[in-house]
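1. Got a predicted structure here, sequence first:
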Protein chains: 2
Amino acid sequence: MLPPVAPPIRLLLGPGPSEIHPRVLAAMAEPTVGHLDPYYLSLMNDMQQLLRGVFRTENKMTLAVSGTGSAGMECCVVNLIEPGDSMVVCVNGVFGGRMVDVAERAGAKVTRVERPWGEVFEPAHLKDALKAKPKVVGIVMAETSTGAHQPLEEISKLVHDAGALLLVDAVTSLGGMPVEVDGWQIDAIYSGSQKCLSCPPGLAPVSFGPRAMEALGRRKTKVQSWYLDLSMLAKYWGEERVYHHTAPINMTYALYEGLRLLDEEGLEKSFARHALNHQALAAGLAAIGIDYAAAAEHRLPTLNAVRVPAGVDDAWVRRELLTRFGIEIGAGLGDFKGKVWRVGLMGHASRAKNVLLFLSALEQLLGEQKHRFQAGASIAAANAVYSGRA
Amino acid sequence: MLPPVAPPIRLLLGPGPSEIHPRVLAAMAEPTVGHLDPYYLSLMNDMQQLLRGVFRTENKMTLAVSGTGSAGMECCVVNLIEPGDSMVVCVNGVFGGRMVDVAERAGAKVTRVERPWGEVFEPAHLKDALKAKPKVVGIVMAETSTGAHQPLEEISKLVHDAGALLLVDAVTSLGGMPVEVDGWQIDAIYSGSQKCLSCPPGLAPVSFGPRAMEALGRRKTKVQSWYLDLSMLAKYWGEERVYHHTAPINMTYALYEGLRLLDEEGLEKSFARHALNHQALAAGLAAIGIDYAAAAEHRLPTLNAVRVPAGVDDAWVRRELLTRFGIEIGAGLGDFKGKVWRVGLMGHASRAKNVLLFLSALEQLLGEQKHRFQAGASIAAANAVYSGRA
């Protein structure tokens, strides 16, 4: 006989899943009801209202896709793209590259616009690609592989001037930093439950604006994915309540509770909390000679991608963090494999106590790795930020 | 402020989600770990072992897709089908029809073979369609819309004699009745967590046999869905542990515990329990003049699709069951809308106490609807089955 589920207690400071709020775990264990139960239908409505709040949008078509963040990406792409449509994808990390792959599988003619990993796109970088009048431009707001924060307002204007639709990846930003779907005129956007929303992985919030919905209405072909076809999902999430697939009831409980927590705290306070803890971590890391992969002006508050110091054993440090302290951080992906650590401070994980514990543990391990630094300097620097002295 | 999650307590006797075992809900609320945590990777291995047990297969490629049962269907179809491939789909209810839609969206040339709703396919019904040498034949073992049980052994032989691959929908059968993946030479199969496995909806167990894997290896095009591409999923579930998408950790806890419960009970005992409770329900319903949609020799033990008696208000009865007793049963779908009730006895829900409560409640409501029957007759008949007197 196999043993019961008994996971070790971790502190999740990786790129996601992030720390789950205890109220979310409790909500998830509430009794299951049917996917057409009046209670569940009412909860869906309330969750849509909360999602519109965190996306800062009035979009009717705001819902949670029954899959993880990558299913949200695929949902957006396959609904917007018909075979032969042209799409520009901005690639400066793993997730831009993934969007290219998803789009090509949907039959898009994809133009890649590339920037080095860790850098972001200026409007000028897109000008040439936009001359070909693409149908859709896809861009990652928070590149989880590099920790780079992509500004969107100017690019949105340029994309719309070219007559294209703007598709945004907000997996690692939603809830932890401003995402202004209506303000920035984002046409389609997706995220994941397991980052700044303090929920387990399993649901992908998405929102489609009026221009995207018009494009969907003009489609000549069926969406290639039955599971992700928004025209059918809309009939279940809308007033008709037509059965499509059996919704993940208890995951919906979890996401609802995660969004309710965020609503209680207030978006602005959440953004400020994420910013402060990021600043403290960054000050602490700087004090012991650890650099970021992204330039200072483009660092995500939610995900800190930092360079493994020369001479330090990447895998050993991550393993010892996990085994001695139960702390999970992320390894580098792709171009950054072996070169970068990814430290997430997202949702419930973004707290001073986690920053201080992580820096303390890291100092212990870096000391054993003969990395040269002033012992205690990271804690002093982080505390200076918290105490308003830096 | 919106209220916390506080669902009403239901008895889920519909077509799914079915009753969730309390140990499953508790497992789901265990602390989340990362998708590359050694504990989680070990749990995935153990879950695969349990899934192979319930599928009765040695297939290495046995895993849980990160979506509901319909994502499992789409995963099987899009991996087996390349644009232009021919596929025969057997349609005698909603889910066969859904498979046609999914296959056409994947670019398959689909031949529909149809039987009236509630009936099943004999090998002779497929002979003509198989002459065209299709690549894949898709069939629903347990048609949730009609309650019909499709025998597979002879059809499997015929399909393989024609050189085709056999794809089976086992959403409403897996765990509640024999599903012999190796014994019946099924090439690809999918199910859902929310039926006889006593878990919430959100994961889709799938298994691919050696012939299916060879076909995947011969593909000339990429699988159209990035999210469901088995070649990439295999690298995460296999020894390489290459990150694909962030797995739904807590749903995996739930499915693992549901499978462990089934393993403790033993498959044969679970099948016998499902059969007995179905027989008791059928005897009870017959005693008050309620007929099945499917012929006696082809009735599922897991899902009872029965005809709404003449003169009885379908929607009123379902609504009163829910509001007076908290009992959910399913409405008819498609051709059976307004004509059929679907009473699931799946997984943890398949118990004598639920059969007796349902029959008692139904008698109360049918009495108020002026349906003519001998009061108490359904309970007497069901009890006779349980006591070995019928």
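-> Yep, that arrived. Just so you know, these numbers come straight off a predicted model, no measurement behind them.

2. So what does the closest residue to A:Leu267 other than its chain neighbours look like in phi/psi?
-> Closest residue in space to A:Leu267, ignoring its immediate chain neighbours: A:Val54 at 6.7 Å, by CB to CB, 6 or more residues apart in numbering or on different chains. For the C-beta atoms, the positions are set from N, CA and C on the backbone; glycine is no exception. Dihedral pair for A:Val54: phi -70, psi -30, per degrees, to the nearest 10.

3. The one 3 residues further on now?
-> Here the main-chain torsion angles of A:Thr57 (degrees, to the nearest 10) amount to phi -150, psi 160.

4. can I assume it is in contact with A:Ser207?
-> Yes - the criterion here is CB atoms under 8 Å, and A:Thr57 meets it with A:Ser207 at 5.5 Å.

5. what are the ranges of the strands in chain A?
-> Counting by DSSP state E, the segments of chain A that form strands are A:11-12, A:61-65, A:86-91, A:109-114, A:136-140, A:142-143, A:148-149, A:165-169, A:188-190, A:204-208, A:303-307, A:327-328, A:330-331, A:340-344.

6. More neighbours: which of A:Thr57 and A:Ser207?
-> A:Ser207 (31 against 21; other CB atoms under 10 Å in any protein chain shown).

7. anything in contact with each of A:Thr57 and A:Ser207?
-> Listed contacts common to A:Thr57 and A:Ser207 are A:Val181; contacts here mean CB atoms under 8 Å, 6 or more residues apart in numbering or on different chains.

8. who wins for proximity to chain B among the strands of chain A?
-> strand A:327-328 (4.7 Å; CB to the nearest CB).

9. quick one: strands adjacent to the closest one?
-> Strand A:327-328 sits in its sheet next to strand A:11-12 (parallel), going by DSSP bridges.

10. How far does the strand it pairs with sit from its chain's centre?
-> Chain-centre distance of strand A:11-12: 17 Å, with CA atoms, centre = their mean, to the nearest Å.

11. Likewise for stretch A:260-278?
-> Using CA atoms, centre = their mean, the offset of stretch A:260-278 from its chain centre is 15 Å.

12. List the buried residues for that stretch?
-> A:Arg260, A:Leu261, A:Leu262, A:Asp263, A:Leu267, A:Ser270, A:Phe271, A:Arg273, A:His274, A:Leu276, A:Asn277, A:His278 (16 or more other CB atoms under 10 Å in any protein chain shown).

13. Contact partners for the first one?
-> Contacts for A:Arg260 (CB under 8 Å, 6+ apart) come out as A:Leu50, B:Met1, B:Leu2, B:Pro4.

14. and if you look at A:His21?
-> So A:His21 contacts A:Ser198, A:Glu257, A:Gly258, A:Leu261, A:Gly347, A:His348 (CB under 8 Å, 6+ apart).

15. For chain B, see how far away it is.
-> Distance, A:His21 to chain B, using CB to the nearest CB, to the nearest Å: 11 Å.

16. before we move on, what about A:Ala275?
-> A:Ala275 is 24 Å from chain B, by CB to the nearest CB.

17. can you tell me which residues contact A:Ala142?
-> A:Ala148, A:His149, A:Gln150, A:Asp169, A:Ala170, A:Val171, A:Thr172, A:Ser173, A:Met177, A:Leu300, A:Thr302, A:Leu303.

18. Name the nearest of those residues relative to B:Pro38.
-> Set against B:Pro38, the nearest of the contacts of A:Ala142 by CB to CB is A:Leu303 (22.7 Å).

19. What is the burial count for the closest one?
-> 32.

20. Bridged to it, which residues?
-> A:Gly344.

21. need the contact list for it.
-> A:Leu303 sits in contact with A:Pro15, A:Ala142, A:Thr144, A:Gly147, A:Thr172, A:Arg342, A:Val343, A:Gly344, A:Leu345, A:Met346, where contact means CB under 8 Å, 6+ apart.

22. still on that earlier bit, adding pLDDT, write the contacts of A:Ala142 out as CSV.
-> Putting those into CSV (pLDDT from 0 to 100) gives the following:
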residue, pLDDT
A:Ala148, 97
A:His149, 98
A:Gln150, 98
A:Asp169, 98
A:Ala170, 98
A:Val171, 98
A:Thr172, 98
A:Ser173, 98
A:Met177, 98
A:Leu300, 98
A:Thr302, 98
A:Leu303, 98
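
23. picking that back up, show me which pair in the contacts of A:Leu303 is furthest apart.
-> For these, the maximum inter-member distance is 14.2 Å, found between A:Ala142 and A:Val343 (CB to CB).

24. In contact with the spatially closest residue to A:Val385 that is not a sequence neighbour, which residues are there?
-> Nearest residue to A:Val385, sequence neighbours excluded (CB to CB, 6+ apart): A:Ala280, at 4.1 Å. The contact partners of A:Ala280, taken as CB under 8 Å, 6+ apart, are A:Ala352, A:Val355, A:Ala381, A:Ala382, A:Asn383, A:Val385, A:Tyr386.

25. switch the cut-off to 6 Å
-> Neighbouring residues of A:Ala280 by CB atoms under 6 Å, 6 or more residues apart in numbering or on different chains: A:Val355, A:Ala382, A:Val385, A:Tyr386.

26. Distance of it relative to chain B?
-> 23 Å.

27. Around chain B, which positions in the stretch 1-150 of chain A sit nearby?
-> Residues of the stretch 1-150 of chain A lying close to chain B (CB under 6 Å from any CB of the partner chain) are A:2, A:5, A:7-10, A:14, A:16-17, A:20, A:25, A:27-34, A:39, A:46, A:66-68, A:70-71, A:74, A:101-102, A:105.

28. picking that back up, quick one, which of the strands of chain A is packed in tightest?
-> strand A:142-143 (a mean of 30; mean count of other CB atoms under 10 Å in any protein chain shown).

29. Distance-wise, check A:Leu197 relative to A:Pro248.
-> Distance from A:Leu197 to A:Pro248, counting by CB to CB, to the nearest Å: 15 Å.

30. From the rest of the structure, what touches stretch A:267-275?
-> A:Gly176, A:Met177, A:Leu262, A:Pro301, A:Thr302, A:Ser350.

31. Tell me which two in those are the farthest apart.
-> A:Leu262 and A:Pro301, at 15.1 Å, using CB to CB across these.

32. Near A:Ala361, how many other residues are there?
-> Neighbour count of A:Ala361, defined by other CB under 10 Å: 18.

33. hang on, I meant A:Glu214
-> What A:Glu214 shows, counting by other CB under 10 Å, is a neighbour count of 11.

34. Let me know the pLDDT of it.
-> Per-residue confidence (pLDDT) for A:Glu214: 98.

35. thinking again about what came up before, so of the buried residues of stretch A:260-278, which ones are in helices?
-> A:Arg260, A:Leu261, A:Leu262, A:Asp263, A:Leu267, A:Ser270, A:Phe271, A:Arg273, A:His274, A:Leu276, A:Asn277, A:His278 (DSSP state H).

36. a markdown table please, covering those and showing distance to B:Glu240 and pLDDT.
-> As requested, those are arranged in a markdown table below (distance: CB to CB, whole Å; pLDDT from 0 to 100):
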| residue | distance to B:Glu240 | pLDDT |
| --- | --- | --- |
| A:Arg260 | 39 | 98 |
| A:Leu261 | 37 | 98 |
| A:Leu262 | 36 | 98 |
| A:Asp263 | 41 | 98 |
| A:Leu267 | 40 | 98 |
| A:Ser270 | 37 | 98 |
| A:Phe271 | 38 | 98 |
| A:Arg273 | 38 | 98 |
| A:His274 | 34 | 98 |
| A:Leu276 | 39 | 98 |
| A:Asn277 | 34 | 98 |
| A:His278 | 33 | 98 |
